[in-house]
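Chemist: what's the 3D shape of this:
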Amino acid sequence: MCLSLSCTHHNPIACIVPPYMLRVLALRGDAATAQMARTLLRHDEALRDERAAHASPPVAAEGVLPMADPGLCCPERRIHDGEFRAALPGRLVRSEGEAPSGIADADLAYDSAGQVFSLFAEEYGRNSLDGRGMPLVATVQHRRDYNNAFWNGEQMAYGTGDGRIFRTFLELSVIGHEMAHGVIQHSGGLIYENQSGALNESIADVFGALSLQRALDQQVHEADWLVGRGILGPGVNGRALRSMKAPGTAYADDLLGQDPQPWHMDHFVTTTDDNGGVHINSGIPNHAFYLFCAYLGGRSWQLPGRIWYRALQDLNNPMASFSDWADQTLRTASALTGQGSMEGQLLRRAWKLVGIAL
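Modeler: I've put the predicted structure just below:
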């Protein structure tokens, strides 16, 4: 059993609301809001400690799993009602194939998990998060007025929000983001700190965005490229948690502050907070993916998504830097589209425009 903090870097508790946002709330909010933010920060830390205590030592990636037959891949969803308590997973309210539970959050989580499963199965040949058909376990109504959602290494959990700062976390790009952390974990992993941690967050954002765009059948130019659209409260001046199209513009609010994400390496944030800025600097590879899709047009979950998915399977470098990841995506693009292809050239240009020249 591994008890070191490094285990949390291999098997992180991945929360959708970043610590820097909670720290701003703790500084700027009224007494109740500040207390809520401090409580969430302590809860996140406790989750990480618990995960470290139960984590196995990291293992090397097993290589690319054989492509599954999409026609044989069926999800095994298990949705629980947390009943506003802390214990996980809570009361099972809907299993695979059952009729709607009548609990709106549970039924939305059920349908959304199916949409994310479908993306990975039908587009990339992956059978669930681990590639081997693992059950999709989720808890809705986790804790009372809980302002977060997370993947804890085994399941997803979604709060309802407090109705003021956050109104929901059951939004498809958020659900896709959290489930993608499971895919990353079972694809060799990316250590959750500094640039590799920012890649972990970015890849989760990518597949969260692709889940939503595919469900809406949107072409690149039709999508808003927001992660967490509509989850901010009615009085918050903002559209989402993050913008892949324009990092740094998702929100600008008196209480939440200004979205701090950079889009270019010239503005890379060096910090010890947030495991070395994993939620902040993820804006840079996020924007590179958006630019690549914008150059290509069409549907982002097709060739761009396949490149990102296959690159993740082939990476085999849990400490990858942005440059390492860019190089892997370029090699994958060459393998899929041919050496010197137009697609590969456009991808190289996208990386160059965010300050990563290869």
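Chemist: going forward, measure contacts between C-alpha atoms and count neighbours the same way
Modeler: Will do.
Chemist: quick one: contacts for residue 168?
Modeler: Applying CA atoms under 8 Å, 6 or more residues apart in numbering, we find residue 168 in contact with 159, 160, 161, 230, 231, 232.
Chemist: swap in residue 227?
Modeler: Counting by CA under 8 Å, 6+ apart, residue 227 has contacts 173, 174, 205, 208, 209, 240, 241, 242, 243, 244.
Chemist: confidence score at the nearest residue to it once chain neighbours are set aside?
Modeler: Computed as CA to CA, 6 or more residues apart in numbering, the closest residue to residue 227 that is not its neighbour in sequence is residue 242, at 5.2 Å. We have a pLDDT of 98 for residue 242.
Chemist: which residue ranges form the strands in the stretch 151-300 of the chain?
Modeler: 156-158, 226-227, 242-243, 252-253, 257-258 (DSSP state E, counting those that start in this stretch).
Chemist: residue 14 is nearest to which of those?
Modeler: Proximity to residue 14 (CA to CA) singles out strand 156-158 among the strands of the stretch 151-300 of the chain, at 9.6 Å.
Chemist: note down every partner strand of that closest one and its orientation.
Modeler: strand 136-140 (parallel), strand 149-151 (antiparallel) (DSSP bridges).
Chemist: the longest one - what's its average pLDDT?
Modeler: Regarding strand 136-140, the rounded mean pLDDT is 98.
Chemist: likewise stretch 281-299?
Modeler: For stretch 281-299, the per-residue pLDDT averages 98.
Chemist: then stretch 323-342?
Modeler: Per-residue scores along stretch 323-342 average to 98.
Chemist: residue 286 contacts residue 206, correct?
Modeler: Yes - the pair residue 286 / residue 206 is scored as a contact, 6.9 Å apart, by CA atoms under 8 Å.
Chemist: anything in contact with each of those two?
Modeler: Common contact partners of residue 286 and residue 206 (CA under 8 Å, 6+ apart): none.
Chemist: tabulate the strands paired with strand 156-158 (JSON lines), appending mean neighbour count and distance to residue 340.
Modeler: What follows is those, written out as JSON lines (neighbours: other CA atoms under 10 Å; distance: least, CA to CA, whole Å):
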{"stretch": "strand 136-140", "mean neighbour count": "26", "distance to residue 340": "40"}
{"stretch": "strand 149-151", "mean neighbour count": "25", "distance to residue 340": "39"}
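Chemist: can you list those in a markdown table and add distance to residue 28?
Modeler: Below are the strands paired with strand 156-158 laid out as a markdown table (distance: least, CA to CA, whole Å):
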| stretch | distance to residue 28 |
| --- | --- |
| strand 136-140 | 29 |
| strand 149-151 | 22 |
